[in-house]
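Peer 1: Okay, here's the prediction I keep looking at, along with the sequence it came from:
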Amino acid sequence: MENPKNLVLAIVLSLLVMLGWFWLFPPEQQANNPDQPDQVSTTADQPMTQQGDPAGGEVAPVAAEAPRITIDTPELSGSISTIGARLDDLLLKSYRVTLAEDSPNVRLLTPVGEDRAYYALQGWVPGGGLDYPDVPGPDTQWQVQGAGTLTADTPVTLQWQSPAGLLFTRTIAVDEQYMFTVTDQVQNTGDAEQRLAPYGMIARHGLPVDLQGFFVLHEGVVGRVDGELIETKYKAVRDLPAAPRESGLVATREATTDGWIGFTDHYWMTTLIPQEETPFTAVEKYLPQSDIYTTETRQPLMTVAPGATIETSSRVFAGAKEWATIRHYQNDEGVAGFIDSIDWGWFFFLTKPIFAVLHWLNAHIGNMGLAIIALTFILKALVLPLAYKSYVSMARMKELQPEMEALKERAGDDRQKLQKEIMTLYREKKVNPAAGCLPILLQIPIFFSLYKVILVTIELRHAPFFGWLQDLSAPDPSSLFNLFGLLPWAAPEHGSILALIFIGVLPILLGISMWLQQKLNPAPTDPTQQMIFAWMPWVFMFMLGSFASGLVLYWITNNLITFTQQYIIMASHGKRPDLFDNIRASFRKKPKPVAAPEKTMPAKKGKSTK
């Protein structure tokens with residue numbers, strides 16, 4: 001390669017195109033219809049039978065005055081409705097909607113009758129000679145036995161007596177985090193054998209209010225079936241095919257050994273987890289007539305003989321997608337592949353270890369911003385051998401500049417001859433002109449992986465750094481508009497045109513660090529390249545002004561480390577960068593081109609006037 005700057009320029013321009021596209025044409029966010037009322041659908045509240053017949057019968061709305069079971073644990077508060085034994089009212093104690101002191105806790109689940117109902121329930125599908133009055137349904141009034149408060153130490157028990165002589169007993173337990181365990185017993189007090197099948201369901205009426213709608217972030221159905229990860233966005237759920245004897249659009253997958261399915265938001269998740277080693281059918285469904293999304297787990301029919309008792313158990317995760325918590329459920333509680341409920345993206349082989357190191361650093365340092373800085377040093381140390389070769393190659397390339405200029409003069413316009421002689425020179429001097437590009441190529445997946453980590457992990461949400469930076473997952477809140485808080489008016493709202501123009505402190509520092517890094521080398525001689533490189537730091541400064549401040553902090557740190565490494569390595573090889581001369585040169589006025597002397601037009605030949 002004659003000039004490695006050409007490859008660098010191509011990479012940079014590609015990044016500019018991608019970032020510019022995301023900035024100018026953000027993906028459309030699915031609009032919710034505020035005029036569409038929440039509806040209770042028969043098929044949303046009652047699953048299909050094993051044979052596929054609708055489980056008919058209109059479901060009564062949950063009455064506001066129905067008795068409720070209080071939930072009070074270190075992480076959760078809310079209640080369970082005794083009608084249908086629904087888990088439909090849940091608040092996350094450790095998370096608030098905003099950073100304001102009076103901000104309410106994040107609400108995860110909402111009962112039917114309120115805006116955008118979202119709830120989980122378990123039940124039984126009748127088989128054989130049974131029908132829905134013979135098994136508890138979503139409108140069944142359960143009776144609480146004993147204590148009426150669910151805590152991490154005190155489970156609650158509910159009972160319901162079937163007209164068919166079946167006694168249903170449900171015990172609901174919860175741990176100190178976000179995992180509910182629902183154990184169902186069915187005692188046959190009659191004189192005939194009965195058959196029935198357990199199911200679980202999570203129903204979501206309409207789309208979530210805080211849907212991000214960003215294509216690099218998965219929101220919608222998430223699950224796992226026999227080792228295969230399921231990720232279906234809400235739009236794709238609405239495009240599912242219609243299925244015979246299913247009043248809705250449905251996709252099913254058969255699990256034989258392990259699995260789970262539910263809905264994931266940006267930071268929160270509600271998931272059904274059947275008992276391990278129990279076959280089940282994982283179902284995704286959309287009911288267009290009522291705009292309800294559901295996920296279900298349908299298990300095979302079970303037979304209960306007269307006088308006998310059967311038992312089944314399942315779990316419901318409802319809470320924050322905390323890495324350590326979900327990892328605990330995977331490694332210690334047997335929920336296979338549960339860590340993949342966090343959207344690690346295409347570069348999962350990088351995002352997973354990067355976040356694991358970041359989490360460890362934060363646990364020991366106690367500040368996520370400092371942990372990001374420490375992580376940057378670690379990543380730079382890992383690529384230092386390549387960076388060293390790169391900067392040594394750049395220093396040797398400078399040494400060869402006089403010889404290359406001589407080759408150009410000798411070759412003249414013969415480009416083929418010039419290229420051949422330059423390659424011969426590289427071989428003789430043992431210089432690899434492409435060596436300077438490799439560290440940059442490696443930085444691209446690292447950058448996008450860290451971007452993904454900061455975007456999707458809840459550990460970065462509302463994570464403070466210092467001073468005005470109290471949320472590293474959000475853009476820098478400071479602004480030139482009010483001179484970074486010195487003037488008595490508020491900064492522009494994030495996402496507005498003014499916010500894109502009047503950027504904060506961190507983006508400005510980013511632009512300065514990129515500009516200083518450029519000044520380690522003289523400006524390109526080609527005028528076009530010179531102009532592009534001159535504008536590049538300031539274009540990035542404005543484009544990254546709306547990015548998460550944690551990512552901008554990483555980039556600033558990376559630039560400063562790169563600057564130091566390059567300066568030291570090149571100086572150690574006798575090619576100390578002319579930093580101040582290069583800076584001064586960028587401010588010098590360019591001499592105006594000297595106009596070429598006018599050519600004298602030859603006189604036209606003609607007859608003499610003599």
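Peer 2: Done, it's in.

Peer 1: By residue count, which helix of the protein is the longest?
Peer 2: The longest helix of the chain (DSSP state H) is helix 549-572.

Peer 1: Check the average confidence over stretch 507-520, would you?
Peer 2: In this model, stretch 507-520 carries a mean pLDDT of 88.

Peer 1: buried set for the longest helix of the chain?
Peer 2: 549-563, 565-567, 569-570 (16 or more other Cβ atoms under 10 Å). Every residue, glycine included, has its C-beta placed from N, CA and C.

Peer 1: For the stretch 401-550 of the chain, give me the ranges with low pLDDT.
Peer 2: By pLDDT under 70, the low-scoring segments of the stretch 401-550 of the chain are 433-440, 521-527, 529.

Peer 1: center of the chain - which residue?
Peer 2: In the chain, the residue lying closest to the centroid (Cα atoms, centre = their mean) is residue 456, at 3.2 Å.

Peer 1: how close does that one get to residue 351?
Peer 2: 8 Å (Cβ to Cβ, to the nearest Å).

Peer 1: Pull up the overlap in contacts between these two.
Peer 2: 344, 345 (Cβ atoms under 8 Å, 6 or more residues apart in numbering).

Peer 1: and residue 110, what are its phi and psi?
Peer 2: In terms of degrees, to the nearest 10, the main-chain angles of residue 110 are phi -140, psi 140.

Peer 1: how near is the closest residue to residue 145 other than its chain neighbours to residue 306?
Peer 2: Excluding the flanking residues, the one nearest residue 145 by Cβ to Cβ, 6 or more residues apart in numbering is residue 157, at 4.3 Å. As judged by Cβ to Cβ, residue 157 and residue 306 stand 24 Å apart.

Peer 1: The two: which is more packed in?
Peer 2: Shown here are residue 157 and residue 306; by other Cβ atoms under 10 Å, residue 157 has more neighbours (17 against 12).

Peer 1: and that one, which of the three is it?
Peer 2: Three-state call for residue 157 (DSSP: H, G, I helix; E, B strand; the rest coil): strand.

Peer 1: Surely residue 206 touches residue 286?
Peer 2: No: shown here, residue 206 and residue 286 do not form a contact pair, counting by Cβ atoms under 8 Å, at 11.3 Å.

Peer 1: on that earlier part again, now do the same contact list for the residue nearest to the centre of the chain.
Peer 2: By Cβ under 8 Å, 6+ apart, the residues touching residue 456 are 217, 266, 342, 343, 344, 345.

Peer 1: and the nearest residue to the fourth one once chain neighbours are set aside, backbone torsions?
Peer 2: If the residues on either side of it in the chain are set aside, residue 343 comes closest to residue 218, at 4.3 Å by Cβ to Cβ, 6+ apart. Dihedral angles phi and psi of residue 218 (degrees, to the nearest 10) take the values phi -80, psi 130.

Peer 1: Would you enumerate the residues in contact with residue 218?
Peer 2: Taking Cβ under 8 Å, 6+ apart as the test, what residue 218 contacts is 231, 233, 264, 343.

Peer 1: just those residues now: which is nearest residue 152?
Peer 2: The shortest gap between residue 152 and any of the contacts of residue 218 belongs to residue 264, at 24.2 Å (Cβ to Cβ).
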